[in-house]
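Engineer: No sequence on hand, only this structure:
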């Protein structure tokens, strides 16, 4: 066998091996690509909810009580619509395994959202089990350089996790 034939055979084998791997190129590059995509949608939907809630609080009160009830119902319906879109994203985040620290951070951010009541009080006033969960989530967020899904003033992170998101 001459060297040219050998090279062609190797190239053909390499092409055949690549063609068998049907994983999209982006997923081959980042083992947590799917989680990153889900997290982007998750953060977007949380931002929409936050904007709707702040709009509800910032609105001046109309003089008519009937208009207040109508506006509240409309805002509630909009929030529920976003929550309905959020539910499958949350299920997918829970179902998708983390393969890197970034993926683990994304799952920790989601866990923080689910147990957000653990950030309602200062860490020293919390029961032991809630404190353990909060500190674990914050430690993962810090290592993964992932921002918690709360405003910076939400009793502050115990371990200074409030850094930039990895999106």
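Structural biologist: Thanks, I have the structure now. Everything quoted here is computed from the prediction, not taken from an experiment. Numbering: from 1, shown residues only.

Engineer: What ranges in the chain fall below the confidence cut-off?
Structural biologist: In the predicted model of the chain, residues 1-29, 56-70, 152-167 satisfy pLDDT under 70.

Engineer: where along it do the helices fall?
Structural biologist: In the chain, the segments counted as helices under DSSP state H are 3-20, 25-29, 33-58, 65-95, 101-114, 128-144.

Engineer: Just say which of those is most tucked in.
Structural biologist: Comparing these by mean neighbour count (mean count of other CB atoms under 10 Å), helix 101-114 comes out on top with a mean of 21. For glycine as for every other residue, the C-beta is placed from the backbone atoms N, C-alpha and C.

Engineer: Nearest to residue 121, out of the helices of the chain?
Structural biologist: helix 128-144 (8.6 Å; CB to CB).

Engineer: could you say what helices and strands that closest one packs with?
Structural biologist: In terms of contacts (3 or more CB pairs under 8 Å, 6 or more residues apart in numbering; DSSP states H and E), helix 128-144 is packed against helix 101-114.

Engineer: same for the helix it packs on, what does it pack against?
Structural biologist: Partner elements for helix 101-114 (3+ CB pairs under 8 Å, 6+ apart): helix 33-58, helix 65-95, helix 128-144.

Engineer: Please name whichever of the ones you listed is nearest to residue 101.
Structural biologist: With CB to CB, the closest approach to residue 101 among those belongs to helix 128-144: 4.9 Å.
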